[in-house]
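Trainee: Show me how the following folds:
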Amino acid sequence: CSSVACKAAGSSAAYGDSSSDGSSGGSSSIGGITAAANFISGLQETGKDLQDLLLRFLSLWRKFLPMLSLFFCLSFINTILDSLKDTLVITARGGGAFVIPYLTVYAVLPVSVLFLVLFSAASHKMSRSALFTTIIVVFMAFFGGFALFLYPNADVLHPHALADSLQQTLPQGLAGAVGMFRNWTFTLFFCMSELWGDVCMGLLFWGLANEITSLSDAATLYPLFGLGANLAQAIAGVVLKATTAVGAHEFGRALQLSMAAVIGIAGFAVFLQQHITTKAELAAGAHQLVYDTASSAASSSNSVIAAASPAAAKPPKPKQEKPQPNVMDSFRILANSLEIRCLAVMSLAQGLCNSLMEFAWKCHMRILYPSPADFTAFLGDVATWSGVVTGSLMLLSPLLFERWGWQGVANATPNILLYGGSIFFLSCIAYQYLFGAAVAAGGAAAAGAVSLSLLKVLVGFGALLYVFGKGAKFSLFKPAEEMVYITLDEEARTRGKAAIDVVGAQTGKSGGSLLQQALLLASAGSITGIMPAMFGVFFLMLRGWRSAVHSLSQVRHYSYDSPMSSTEDNSNLFDPAAAAAFDNVAAVGGKTVSSSSSKNDSNGAASSSSSATSSSVVAVSHGAAAQFAATSAADAAAS
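Mentor: The predicted structure follows:
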């Protein structure tokens, strides 16, 4: 009996173990099947979304291609000018990266104010198309004159003798101001190049895009415009490197070739703008004809609508004008908004930190590439990779928003600058203390092979930081910033955004320039002496940037598919009478909803009146939607 019991127990134990193993294996198989099913379902949903996006894109192709071509041309020119302006002022006689802080404050800012005054005056007398053409032609004339006259005669036009005298008299920390005065033709080129990006790309193009693009189409087209700009940047970098391959002693020839390309592409941009404007005017005329026809039909059916629903026949109440606050009231309202304060800190920190990082990077780039041709060729490579990285991040941005959330995406740019910038600044400080004196005396080659190798690594890491910082800014930080504006009221979206985009960013850049000027004066122009102080300000501003992002994330949950319109009542955009006319026309075809008045009961009259009122309300709603579809471009431009 004992042996039988032992065998039974052993059999039972063995059976239990096998059952346990089978149960475990079955559960893992079920989990694997579930994961595979979820993965396949996700792929199907992604494929459906891509299909819907492709169909919508194909329907907008005729509008998209001319606008993309125009933005491509303007961005291509901007990349060429952006690289050449830095090359001219940094590699010129008496020039250097220390000239840029003085140019930003004492040249670019006054010229920008002057342009704003002239633009405001001209906009009241000229159409948008004529203003676009005039501004582009002015730029073309200047860059053509610079390539053919100013640059070839720069040595004669620049007051080198007077500048040398001033350099001996003034403190060494004012060498940047002297360099700006010495190379005054390069200063003009720097100012016009800076204006091109702000005016032609920021003001003219997006003004045209907002005028002819409806709000619903903008969600599809605007991100693709950014991809076109990054493609132009990458191609322009290749062109820059090709034009400077003629040799270090033929930089003047390379500059003339680049300016010829700029002028030719600018002329093509004027042609594209005229073509786009003409098509938009024809489309607007067709929409206006549809609206006038609907309004005429509505006037003939007012009596019918009034009989069905007296309330629907009443004209809409005029919207009462609210008293406009003065400037101080507006700033007081904006200052009370946590979102506006955080956005202002983010904008200020972004401008200041980029200014400090680029100053340190270009100081060492000037040591490694003293020749204008080599300097421009390196900037061409940087521009190419900036376009590639930024475009790739734009494609990945929806996925990153989904995985990281708003806070993670908004923190991407300051995190890149904080961690990468800390390593970069500490490396710059170490290099300056180890080799700064030898490099200042005889150049990078005279300081030894170790110094030259370390300098190449330092400049290369700075370029990498610049490329990824810029890519994260335009593909991640800017969309995250715009999501915050969507949730604000009208006052904050208009005046607050204008103050932050114009004043905040420029204050950051100007603040960084003024800080660099003060440090250069205090250190007698020594780069070694100012690096630790610049790093301290850089680090503190980035911490403030991250704190502002954290504060915003605690206020509201921002998502990538936030509504792209205001929450205010938009009923005043539609004419109820014209809206009802659309459904009255449809009623002729027998498409109206039958009322319940056909019932023969004791309450027939009341039932008929109620049903007629409901039908009128439905007609107004459906007609308003049709009217909005017919005049969406005009509504977007007006708003």
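Trainee: Which of the helices or strands spans the nearest residue to Tyr433 once chain neighbours are set aside?
Mentor: Counting by CB to CB, 6 or more residues apart in numbering, Tyr433 lies nearest to Thr528, which is 6.4 Å off, once chain neighbours are set aside. Any C-beta I mention is one placed from the backbone N, CA and C, and that applies to glycine too. Assessed by DSSP states H and E, Thr528 sits inside helix 527-555.
Trainee: Buried residues in that helix, which are they?
Mentor: Within helix 527-555, the residues scored as buried using 16 or more other CB atoms under 10 Å are 527-528, 530-531, 533-535, 537-539, 541-542, 544-546, 548-549, 552-553.
Trainee: Contact partners for the residue nearest to Tyr433?
Mentor: Applying CB atoms under 8 Å, 6 or more residues apart in numbering to Thr528 gives the contacts Ile429, Gln432, Tyr433, Gly436.
Trainee: neighbour-wise, which of those leads?
Mentor: Gln432 (22 neighbours; other CB atoms under 10 Å).
Trainee: Dihedrals phi and psi, that residue?
Mentor: As for Gln432, its main-chain torsions (degrees, to the nearest 10) stand at phi -70, psi -40.
Trainee: can you pull out the strands in the chain?
Mentor: Assigned by DSSP state E, the strands in the chain number zero.
Trainee: now the helices: where do they sit in the stretch 401-550 of the chain?
Mentor: All helices of the stretch 401-550 of the chain, identified by DSSP state H, counting those that start in this stretch, fall at 412-415, 421-442, 449-472, 478-486, 490-491, 497-498, 505-522, 527-555.
Trainee: thinking again about what came up before, separation between the residue nearest to Tyr433 and Leu520?
Mentor: 12 Å (CB to CB, to the nearest Å).
Trainee: ok, and what's touching stretch 119-126?
Mentor: Leu131, Thr134, Ile135, Val199, Leu203.
Trainee: Can you show me the CA trace of that stretch as CSV?
Mentor: Presented in CSV, the C-alpha positions along stretch 119-126 are these (Å, rounded to 0.1, in the frame of the first residue of the first chain):
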residue,chain,number,x,y,z
PHE,A,119,6.7,99.5,-44.6
SER,A,120,3.8,100.9,-42.6
ALA,A,121,3.6,104.0,-44.8
ALA,A,122,3.8,102.0,-48.0
SER,A,123,1.2,99.4,-47.0
HIS,A,124,-1.5,102.2,-47.0
LYS,A,125,-0.7,103.2,-50.5
MET,A,126,0.2,99.9,-52.3
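Trainee: before we move on, the earlier item: adding distance to Leu65 and pLDDT as columns, could you present the contacts of Thr528 in JSON lines?
Mentor: As requested, the contacts of Thr528 are exported to JSON lines (distance: CB to CB, whole Å; pLDDT from 0 to 100):
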{"residue": "Ile429", "distance to Leu65": "50", "pLDDT": "92"}
{"residue": "Gln432", "distance to Leu65": "50", "pLDDT": "88"}
{"residue": "Tyr433", "distance to Leu65": "55", "pLDDT": "87"}
{"residue": "Gly436", "distance to Leu65": "53", "pLDDT": "79"}
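Trainee: Which one of those is nearest to Leu162?
Mentor: Proximity of those to Leu162 (CB to CB) peaks at Gly436, which lies at 29.9 Å.
Trainee: ok, for that closest one, nearest residue in space, not its chain neighbours?
Mentor: Among residues not flanking Gly436 along the chain, Thr528 sits closest, at 4.5 Å (CB to CB, 6+ apart).
Trainee: now that neighbour: how far from Ala438?
Mentor: 12 Å.
Trainee: Give me the common contacts of those two.
Mentor: Joint contacts of Thr528 and Ala438 (CB under 8 Å, 6+ apart) do not exist.
Trainee: picking that back up, quick one: which of the helices of the stretch 401-550 of the chain is nearest Gln167?
Mentor: helix 505-522 (13.8 Å).
Trainee: Now the closest one - C-alpha only, PDB.
Mentor: C-alpha atoms of helix 505-522 as PDB (Å, rounded to 0.1, in the frame of the first residue of the first chain):
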ATOM      1  CA  ALA A 505      13.200  87.300 -29.200                       C
ATOM      2  CA  GLN A 506      14.900  90.500 -30.100                       C
ATOM      3  CA  THR A 507      15.400  91.400 -26.500                       C
ATOM      4  CA  GLY A 508      17.100  88.100 -26.000                       C
ATOM      5  CA  LYS A 509      19.400  88.600 -28.900                       C
ATOM      6  CA  SER A 510      20.100  92.200 -28.000                       C
ATOM      7  CA  GLY A 511      20.600  91.200 -24.300                       C
ATOM      8  CA  GLY A 512      23.100  88.600 -25.300                       C
ATOM      9  CA  SER A 513      24.900  91.200 -27.500                       C
ATOM     10  CA  LEU A 514      25.000  93.800 -24.700                       C
ATOM     11  CA  LEU A 515      26.300  91.300 -22.300                       C
ATOM     12  CA  GLN A 516      29.100  90.300 -24.700                       C
ATOM     13  CA  GLN A 517      30.000  93.900 -25.200                       C
ATOM     14  CA  ALA A 518      30.200  94.600 -21.400                       C
ATOM     15  CA  LEU A 519      32.300  91.500 -20.900                       C
ATOM     16  CA  LEU A 520      34.600  92.400 -23.800                       C
ATOM     17  CA  LEU A 521      35.100  95.900 -22.300                       C
ATOM     18  CA  ALA A 522      35.700  94.400 -18.800                       C
END
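Trainee: who's in contact with it?
Mentor: 98, 100-102, 104-105, 109, 171, 173-176, 347-356, 359, 529-530, 533-534, 537.
Trainee: buried subset of those residues?
Mentor: In these, burial by neighbour count holds for 98, 100-102, 104-105, 109, 173-176, 347-356, 359, 530, 533-534, 537, counting by 16+ other CB under 10 Å.
Trainee: In helices, which of the residues you listed fall?
Mentor: Cross-referencing the buried ones among the contacts of helix 505-522 against helices under DSSP state H gives 100-102, 109, 175-176, 347-356, 359, 530, 533-534, 537.
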